[in-house]
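>>> everything below, folded, please.
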Amino acid sequence: MPQVRLIGADGGNLGVVDIKEALRIAREADLDLVEVAPNSDPPVCRVMDFGKFLYERTKKEREARKAQTKIEIKEVRLRPKTNEHHRSFKIRDARRWIQEGMKVKVSIRFRGREITYPELALEDLKEIAEELSDIAVIEQAPNMEGRMMFMMLAPIPKGKKAVTVKEQPEAASTQSV
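Have a look, this model is predicted:
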């Protein structure tokens with residue numbers, strides 16, 4: 001007759017018993033007999049309330065999901081010819097989003113022949129990063145992709161010092177279009 005190693009409802013080891021005996025013990029305790037380790041020799045079974053076990057497991061998973069932080073990425077779109085006044089509004093929004101813990105993608109879109117002067121956009125991105133350097137760090141340096149130049153700003157992690165733009169490596173200034 002097949003045998004199993006049985007763990008009781010209180011967590012104590014009841015030893016190796018026949019399957020019929022294990023089922024009888026579980027029935028007397030008004031609980032379920034659950035196979036815990038099928039690959040061991042003999043298989044390990046436990047006397048427990050399986051419905052309660054499933055409920056507690058889903059509850060723990062829900063709590064773990066709730067504890068996760070969702071990082072949202074906001075975007076500020078500009079053009080090389082965006083005037084200083086309009087840019088200040090965009091920077092103010094970016095500052096608010098960074099303070100709320102969001103990442104900000106600052107992108108500059110080139111239209112027409114503006115693409116021949118990427119250094120203007122690079123200068124704008126550096127100025128924006130400098131204005132936000134007290135609360136943000138450059139996560140992704142200015143980078144050219146198609147007709148867009150962008151950089152990613154992230155909130156400064158707690159306990160770290162901000163890195164200024166001058167200390168960041170030059171990434172987009174020498175890239176071709």
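>>> list the helices and strands whichever helix in the chain runs longest packs on?
The longest helix of the chain (DSSP state H) is helix 50-67. Packing contacts for helix 50-67, counted by 3 or more Cβ pairs under 8 Å, 6 or more residues apart in numbering; DSSP states H and E, involve strand 32-37. Where C-beta positions appear, they are placed from N, C-alpha and C, glycine not excepted.
>>> tell me the strands beside the helix or strand just after the strand it packs on, with direction?
For strand 32-37, the following helix or strand on the C-terminal side (DSSP states H and E) is strand 44-48. As defined by DSSP bridges, the strand partners of strand 44-48 come to strand 3-7 (parallel), strand 32-37 (antiparallel).
>>> return the most buried member of these.
Compared across the strands paired with strand 44-48, strand 3-7 shows the largest average neighbour count, a mean of 20 (mean count of other Cβ atoms under 10 Å).
>>> where do the strands of this structure begin and end?
For the chain, strands defined by DSSP state E occupy the ranges 3-7, 13-18, 32-37, 44-48, 73-78, 103-109, 136-145, 148-155.
>>> quick one on the thing from earlier: which other residues reach the longest helix of the chain?
With Cβ atoms under 8 Å, 6 or more residues apart in numbering as the test, helix 50-67 has contacts from 32, 34.
>>> let me know the distance separating the closest residue to Ile128 other than its chain neighbours from Trp97.
Counting by Cβ to Cβ, 6 or more residues apart in numbering, Ile128 lies nearest to Val106, which is 5.6 Å off, once chain neighbours are set aside. Note on Val106: its distance to Trp97, by Cβ to Cβ, to the nearest Å, is 11 Å.
>>> between these two, which has more neighbouring residues?
Shown here are Val106 and Trp97; by other Cβ atoms under 10 Å, Val106 has more neighbours (24 against 20).
>>> is it true that that one touches Glu127?
No - the pair Val106 / Glu127 is not scored as a contact, 10.5 Å apart, by Cβ atoms under 8 Å.
>>> as a markdown table, the strands paired with strand 44-48 with mean pLDDT and distance to Gly101 would be great.
Shown next, in a markdown table, are the strands paired with strand 44-48 (pLDDT from 0 to 100; distance: least, Cβ to Cβ, whole Å):
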| stretch | mean pLDDT | distance to Gly101 |
| --- | --- | --- |
| strand 3-7 | 90 | 45 |
| strand 32-37 | 89 | 42 |
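>>> could you find the closest non-adjacent residue to Leu120?
The nearest residue in space to Leu120 (Cβ to Cβ, 6+ apart) is Pro80, at 4.7 Å.
>>> what's the local residue count around the one you found?
19.
>>> ok, it - contacts?
Contacts of Pro80 by Cβ under 8 Å, 6+ apart are 108, 110, 114, 117, 120-121, 124.
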